[in-house]
Every structure is written in structure tokens, then in C-alpha cells.
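In: no sequence on this one, just coordinates:
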């Protein structure tokens, strides 16, 4: 199992754009350590549409050059300490977005178009700081009506965790369709799962409805409780105490290092 | 059951824009007769993305002013006779589209934006005949790169057939997500189903993944074998012999009238 | 359970009143008081056999009827299917601008908050946005925000279906006038006063000479709140529900 | 089952050859010969332990691994995940233009066909589009189509990832040169000749003085075709599979 995760981590190269899901959608926390050990740095993270513990850890480990996100936080456990510190000290570039703009960028990629329009945003400092977005006058109105265009986001790699996959690489994502959107938009999609099932997920219409087809999935590895300390829908709850333990430890770079090495020892048990 | 369908048909008013699904996605054939009896005419049909028997019957009954579609045919049973005749004699306005452009128009509506871009189409007579579409230069390229913008399609009413609904109006659509797209885009959504189930389709993650939530569904009525002579995925096959019987009869207006009245007698049995 | 309304119960009741008339309200995952207000409205409408009120709580399994991923909330708002939403803010200014990003010069702000989430879109798309922030201090309610995550008002010609309707804090309830633009203090919560609110607010606002107190819930409303609503709250916000119950019991025993 | 290859088997084999190198091919619902060509390629690649070939048959449950509705095919093509596709045409002209709409003045055409389906998009998005039309007559292969559902070539600067690669008819096999632009007759199916093809084609095309015959499948290919591929075909196109089997048996008994 560990070797599978290390093999998967090798798909990530320095400078790549990596898409990661929101806390509750299926974060592959199990891939965090293999990614850090693999060490590919200068990563551009795209949080779909917000980030949490995994993003904070990758930043703390020094692997991240840029984060595009609508927010990074540890939810109930408070702010994301390594993210906040890196932003304040300008060690990472922050591209602040808003949730539907990240979905729009992935959608453009899914549809094979260079951009998708989005309402709102006019007059915000979010827009003012995004030189990569454009404002045009809606060509369907006689005059005025400015509208923002968000360019396609093309991640090199999407990484997430799901309850199950079958032998053909079909992955059960249920109603968490942002995971499909990430895979559609990405060149490579790496998935960890709680378990492999022997039946085909596409063979009956009930499971097929919530399945990401294998054509979009580059590699699958089993990682039991692979979202921990996050929860996984229908499987287990978030371990908020652990998130708080991290939040307290990672207030300083030293505390973060201690937490990560402690975690290493636990993993080695 | 008949009274439920008649009640639903009353939601359709003359001149409205009506979205109807492709043959294999779940056509509510059961609604065809109530719609004809109700008699609301000058309808604008939007086929998602192509039309068949139901569209041909509504045209034959004189209810249709305009059809926006990527194609209308009876599949294995050949061309759609009343549609072809109405186009040739210019009794209806035909807005020829291409499948992904219809999906794009509904997507714009789903996203609450005035348009969505689409690749292709440049140099086609499809585009040349669509005064309601626009071509702009992609603002993300320094020069050139023309791209088509398709305006949002806002149907007044979407009508389709599905295997089941629950008591809260949640409808099982499986992987036929164009049905969800139709509902998202439409003001009113009318659904016929094979059966009502007593459990909530949203209560477990497996069925929830293929469920259109009740918030998008205006009304549901039971109509057993409601797609007939079309099939319904996972339920029953298309009755091609019946489609051929219709295709042969409807070559003339008189034959169409005979078929429809014969059908009436059968329904009255 | 028959003691007087607690200050939080008065807040929840005020929020239910602000939501009157909505068919569908969405609430953030970490917003128990807004959720309680929406649950109370739903219960009141059901008792009155009025039109059903739908409540979506983001991130909740129980109160999540979305099946198309986390984009569906925004799609739903864009379709005009969400009538009300709640927004907090690290800073909120007198023009209704909201800052969820940080304090100081962007991007290397000296204080960094999580980020703008969906505010830069939802503030435009949802007709009735209720600003809710319990902490009522001059560092929250500022003259001018350091970063505009979402603007209170827009230029003419900019697409805008909604925006701020009201501001609810631990001290009072404000309405928002988009034409001026600016806030007006509509009522003061019991045990607070105008002078205190002025001192705690970094922006100017309109007010009557003697603003009324925010009304407490009537008997029927209080019974619903302490019965059905508290039970419903317990499913999604067990910690908050337990705390609320302790406050109620404390109030009752003190009375 | 050891008779010589039938004309349809030669067609199927030619199509499999044209598809060599693709990872994912999509086929329309009513296209048994293209589907058979793709199935044959898949079987050959599997025998050779080469990279897996995926086949999507639109409208089929068995060969449908899409789970996002009927838009997914087009999305998938836009993402560059579909390498080859088949297109027919009521009219096809010498510049590779395809007409699926009708004959005569649009919109009230004197002959009306179903419509353009996805061609106005897929012809641009899919790298290798194979034009397939069994009927080889001057009314199909015209000098200039009456309506361009999908153009064979585009102006410079127009986004285009693909287009026509070849044209397969009951009489011969053409390649398409996008730079000229125009067709070139690459081979003639057995029992046909150049003069006949010229007479049946309404547009000019390049050709060698004596074009070769389209090669018949070798023994191994024929065995796969008559075994595994015929079985697979039977699942999706039972009528066509039965017809093909009768032709094979007829050929064998005549030989």
C-alpha cells in the first residue's frame, strides 16, 4: 500500500499545477506524506474551491509556490497556520478567487473552451487582483452589462480520496461531482480509495450514476481511512480533535516540524 | 392518473418554450396526448439535444411554431414525417443547432450567465443561420481566435419521464444528467414516473447520487410505461414496431390523424 | 423551560423575522444562529400551514438536498432559487462592503483570514443577504474595509439581483438602504443602548432618536424554539444546541 | 466459416486499419460497420498485448461508460480524450464538407434530413474523423453541398484540432489532404474499378493511374472477425450481426 502511494506521488513534478478538493469532498490525506517525501516543489495548488489541512501541510513543507483558492482554513479548528504565515511573509503567491470562479475555470476545461463567464465580482478586490481574468461587455446586450470571464484551469494532476473503485479504475464519487469536474479538467488523476470492489461500478445503473469512469482516472491505490483526520461521506467522521492538535502545533515552523515528525513515528508504528 | 396528467398539461400555455429530452433519456410520451387535448399552441420546442416521436406528434397536431434542435428523427424507423413535411412547407420555424450548443445554452441558464462559449461551428451554415448567436475574438488571445457564444436557453417548462420519484418530489434520473440540466434551466419541470417509492431517494448516498432534488421539480405524476413506445433505461426496451407503424401512417396528414384517433380508441379501452 | 427569552433567543427570533417570505434559505456550515433562525421560520410557517420554507445547510448531510457537487449552491443562486443567505465578515463597512481576506496591505496582509469563499458572487445573486456578526466592535465595523471581498452596492448597469438587506449583531439590528447607501439602526437588543452601539461602530449610521428594543419572541414562538427547533438544531449543531439549552435553563432558574 | 472475406468484412478490416493507433473511438448508435471496425482493432490490439482501445457506442448501455448525460461525449472530445469518430452525410463534397440537413434552399429544403447532430462541433474537435457512407452515388458525393453542417477545412486562426482523415464507401477508400484540400483515392474495393468510381463521384479526386485493391484481411484477422467480433457485434447490433453471418455463410458455400 505504501509503495503504491509512493508510485502515485511520482506523477507529480516540480512546478506542476495540482487540484485538491474541499475538506468534506474527499481529501486524499494519505497522499500528503508521499508527496512531501517525493519532494516535487514549486507547486501551484488549485483548491476546489477551498483548502484545508493538506494545503497547509504542503505549504509548511515548502513545496508550494502559489495557491489559487477561495479560502484556506481548518474549519472548526480555526485558521490554517502555515498558510497564514506564508501569505503574511509573502513566501507564497496567493491568487484569491471565489468558489464559483474556481468551478467556472474547471468547467471551461471540462468543456474544452478557453473561458467561462461568471456573474458578480465586479467592484471586488478579488477581481482587481486577478490580472488573468477579463471583463467584457456582454455581447448580447446593446450597451454596457460588464461580465467577468474566467480562463480555463488545466491542472496537471488532480488528487482525491473516495470510498471505492473497481478493477477497471471506475471510482465511486456519489454526489460529490466536483471530483468528476477535477478529473475532467486534469491531465492526470490520482485516486486513493477505502477499498477495491470486485463488481463493475458501471454495470448497474444505480452505482453508475455516482461513478467517475475509469477513462478519467490515471491511477488508483487503496488507503484505508485515507481522508483522516478529515471524514469521508458515508464512511467516517472528521477527527476534529486531531485537527485542533495540528492547529495548535503548527502555529510555529518548529511546532509544524515536530508535528510532522511525530506523525512520521506514528505512521511507522 | 389521467387526471394528474391533464392537470400537469395545464401548466403549458400558448407560446411557451418547452424543453423535451432525447429518445433514450426518458421521453414522457404519456404527456403527449394530454398536451394535445389541452391544446396550448404556438409552442417553441427545444430538443435536448434531438427530438423524435413526441416532437413529430406535437407538430402534427399543429401545436408548434418553432423547433430548436440538432436533429429530429424516428431513429431506426426513419425520418420524422410530420416534422419533415412542416419544414418543407415552412409551416414551422426551424432553428438548426448542434448537440453541444443546446447543452451550452442550458448550461448558461443553469449557471445564471447570459451565454457560454463553444468551439467549432465557425464556417458552418448552422452558425450562418443563427442570428441569435454571436462570434467574438477570444479575449485571452492577443489576436484572432474567433469563438461562438451561445445565449442562455430559458425554457418555461421541461417535461420528461423517469423510473421513480419519492414523496418529496425527488426524482431518480440515474446517469441521464441532461434531465437535471433541463430542470435547472427551466422555470417549471413536469415529470412522469413509472412509480412512487416510499423511501426518500436523498436519504442514502447511493440513490442520492442519481437523484434530481425536488426543489427543481414542479409536479410529478405516475404514468406506467410512460415512455412507450420509447424505452426507459433499466426498465423496458423501445417498441420499434410501433415506431415503424407510426412512421408509415404519418406520411400523410390524414394517416397521422387516423393513427392518433386509433391511438385514442386504444387508450379508451 | 418557561423562563424569559435569552439574548440568543431574541437574536434567533429577529433573524426568523428578517427571513419572512423566503422559500429557500442557505446557511453556511458554521452558522448555528442563522440556521436556528431559518429553522424557527420553517416551524412557524408549518404551524401556520403557509408555504414551505426550505433550508440548505452547507456541508450538512441531513440538510443537504444538493446532488451536483459544491457548485450546485452557486448554480442554484444564479437560477434565482435561493432567496436568502447569511454572510459574516472580518470587517464590514458603512457601505455594506465585506472583507473576508485580511487586515493591512494585500496580498501580504498583516492579519490573514481564510478568504472570500462564495461571497464575491452570492452577494450579487441572492436577493436578501443578511450580514451576521455577533462581535460588535470598531475593529469589525470599520469606516472602510481593507479589502473588498464583496461590495455592498454596485454601479448602475452592473448585474445585481441582490445584496445586503440587514445587519444583525449581538447589540442591535440594522437595515440597509441601497440607494443612500448605508445602514440604519432599526432596534437595539435588550440590555444595550444607543451610545454603546455608536461607540462600538466605526461607521456612521441612521437611527431614530430613541430606537425601539428588538422584540422578544411571543409564547408560541418561544415554545417552538425550545421544542422542535432545539431538537432540529441538535442534529446539526450538537455543541451549540447544548449551550443554548444551558442558557435557557440558567435564565429560567434565575427568573 | 473458412470462405473468402466478404465485401463487408473487407470494409470492416479497412476501417480497423484506419483506426490504428487510437486509444478511444466513439461510434454513433446506428453505425454497425464502424463499430465492427473498432471492435476488430480492439481485438487485434488485445491479441498483440498492445495499448487498450476503448470504444464508446452512443446510446448503447453495454458500450457506454459515460455517466454525465449526453453532454459528456462532447466534453470528452473537447478535452482531447476522443481520438476518432465516424461521420456520415446526406451529401459530402470534394472539400470534405458534410451536409446532414437537406437538399435545396434552406430552411424550406425540398428534402429534409434529421439535422446536424454533433457534427458541427465534433468535426473540429476529434483528430481523426472517418467519413463513412456505403451508398456511393453522385447524389451523395456532390461538387458542393447545399448546406454545410460541418466544414472539411477551416481558415487559418480558427480553432481546429481535427477533421476528415479518410472517406470509406462501398466502392473505395479515400484519404483527405487538408492542405489542398481534397480527397485522394487510396484503394478500390474488390469487384469495383476506377471508371465506375469516377462516374459515381460528383467531385474530382486525386488517384494513381492504377490504384491498388483494398486488401482483404489475413487469416488471423478473419478468424478474430468471425469469432470474437461477431459475438460482440451480436450484443449491440443483433440484426446486423445475423446478416453478416448469412453473408459469410453464403460466400463460403459459393466458394
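Out: Good, I have the coordinates. The shown structure was predicted, so the numbers you read here are calculated from the model rather than taken from an experiment.
In: show me the contacts for the residue of chain C found nearest chain B.
Out: Residue nearest to chain B within chain C: residue C:78 (2.1 Å; Cβ to the nearest Cβ). The way it works is simple: take the backbone N, C-alpha and C, and place the C-beta from them, glycine included. Residue C:78 makes contacts with A:100, A:119, B:110-113, C:125, as judged by Cβ atoms under 8 Å, 6 or more residues apart in numbering or on different chains.
In: who's in contact with the closest residue to it other than its chain neighbours?
Out: Of all residues not flanking residue C:78 in the chain, residue B:112 sits nearest, at 2.1 Å (Cβ to Cβ, 6 or more residues apart in numbering or on different chains). Shown in contact with residue B:112 (Cβ under 8 Å, 6+ apart): A:119, C:75, C:77-80, C:125.
In: how about the helices in the stretch 101-250 of chain A?
Out: Remark: helices assigned in the stretch 101-250 of chain A by DSSP state H, counting those that start in this stretch are A:125-128, A:178-185, A:205-208, A:240-249.
In: mind listing the strands for the chain?
Out: Reading this off chain A. Taking DSSP state E, the strands of chain A run over residues A:17-21, A:43-48, A:64-69, A:93-96, A:115-118, A:134-137, A:146-151, A:157-166, A:171-172, A:188-197, A:211-212, A:219-222.
In: looking at chain C here, not the other one
Out: With DSSP E, the ranges of strands along chain C come out as C:24-27, C:54-57, C:84-87, C:91-93, C:98-99, C:102-103, C:111-112, C:128-132, C:141-142, C:163-168, C:172-177, C:182-188, C:206-207.
In: any part of the second one near chain B?
Out: Yes. Applying Cβ under 8 Å from any Cβ of the partner chain, one finds strand C:54-57 in contact with chain B at residue C:54.
In: what average pLDDT does that strand get?
Out: Averaged across strand C:54-57, pLDDT comes to 90.
In: list the buried ones in it?
Out: In terms of neighbour count (16 or more other Cβ atoms under 10 Å in any protein chain shown), strand C:54-57 has its buried residues at C:54-57.
In: residues of the stretch 101-250 of chain C that sit close to chain B?
Out: Residues of the stretch 101-250 of chain C lying near chain B (Cβ under 8 Å from any Cβ): residue C:125.
In: same deal with the stretch 151-269 of chain A?
Out: Counting by Cβ under 8 Å from any Cβ, the residues of the stretch 151-269 of chain A near chain B are A:151, A:173-175, A:205-210, A:233-234.
In: any low-confidence regions in the stretch 151-269 of chain A?
Out: Filtered on pLDDT under 70, the stretch 151-269 of chain A yields the residue ranges A:263-269.
In: the residue in it that chain C sits nearest to: neighbour count?
Out: Per Cβ to the nearest Cβ, the residue of the stretch 151-269 of chain A with the smallest distance to chain C is residue A:177, at 3.4 Å. Using other Cβ atoms under 10 Å in any protein chain shown, residue A:177 is surrounded by 23 other residues.
In: what is the neighbour count of the nearest residue to it once chain neighbours are set aside?
Out: Distances taken as Cβ to Cβ, 6+ apart put residue C:69 closest to residue A:177, at 3.4 Å, once the chain neighbours are dropped. Neighbours of residue C:69 under the rule other Cβ under 10 Å: 23.
In: same thing with residue A:10?
Out: The tally of other residues near residue A:10 (other Cβ under 10 Å) stands at 12.
In: now distance to residue D:217 too, for the strands of chain C, in a markdown table please.
Out: Listed next are the strands of chain C as a markdown table, based on distance: least, Cβ to Cβ, whole Å:
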| stretch | distance to residue D:217 |
| --- | --- |
| strand C:24-27 | 62 |
| strand C:54-57 | 60 |
| strand C:84-87 | 65 |
| strand C:91-93 | 75 |
| strand C:98-99 | 70 |
| strand C:102-103 | 69 |
| strand C:111-112 | 67 |
| strand C:128-132 | 68 |
| strand C:141-142 | 79 |
| strand C:163-168 | 69 |
| strand C:172-177 | 77 |
| strand C:182-188 | 81 |
| strand C:206-207 | 87 |
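In: my guess is residue A:60 meets residue A:250, correct?
Out: Yes. Assessed by Cβ atoms under 8 Å, residue A:60 is found in contact with residue A:250 at 6.3 Å.
In: what touches both of those two?
Out: Common neighbours of residue A:60 and residue A:250, counting by Cβ under 8 Å, 6+ apart, are A:82, A:256.
In: name the residues that touch the least confident helix or strand in chain C by mean pLDDT?
Out: Of all the helices and strands that make up chain C, helix C:238-254 has the lowest average by mean pLDDT, DSSP states H and E, namely a mean of 83. With contacts defined as Cβ under 8 Å, 6+ apart, helix C:238-254 is touched by C:1-6, C:8-9, C:32, C:36, C:226, C:230, C:233-234.
In: before we move on, the earlier item: of the strands of chain A, which is nearest residue B:147?
Out: Closest to residue B:147 of these is strand A:115-118 (Cβ to Cβ; 8.7 Å).
In: the closest one near chain C anywhere?
Out: Yes. Strand A:115-118 reaches chain C (Cβ under 8 Å from any Cβ) through residue A:118.
In: for the stretch 51-200 of chain C, which spans come out with low pLDDT?
Out: Ranges of the stretch 51-200 of chain C meeting pLDDT under 70: C:59, C:61-62.
In: at 90 what do you get?
Out: Along the stretch 51-200 of chain C, segments meeting pLDDT under 90 span C:56-65.
In: please enumerate the helices of it.
Out: For the stretch 51-200 of chain C, helices defined by DSSP H, counting those that start in this stretch occupy the ranges C:72-78, C:119-125, C:194-200.
In: what sits against residue 233?
Out: Defaulting to chain A. A:24, A:26, A:163, A:174, A:176, B:205, C:61.
In: could you do chain C instead?
Out: If you count contacts by Cβ under 8 Å, 6+ apart, residue C:233 has them with C:32, C:35-36, C:39, C:240-241, C:244.
In: swap in residue C:139?
Out: Counting by Cβ under 8 Å, 6+ apart, residue C:139 makes contact with C:91, C:202.
In: before we move on, the earlier item: okay, the helices of the stretch 101-250 of chain A in CSV with mean neighbour count and distance to residue A:87 next?
Out: Below are the helices of the stretch 101-250 of chain A laid out as CSV (neighbours: other Cβ atoms under 10 Å in any protein chain shown; distance: least, Cβ to Cβ, whole Å):
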stretch, mean neighbour count, distance to residue A:87
helix A:125-128, 20, 15
helix A:178-185, 26, 24
helix A:205-208, 20, 42
helix A:240-249, 17, 16
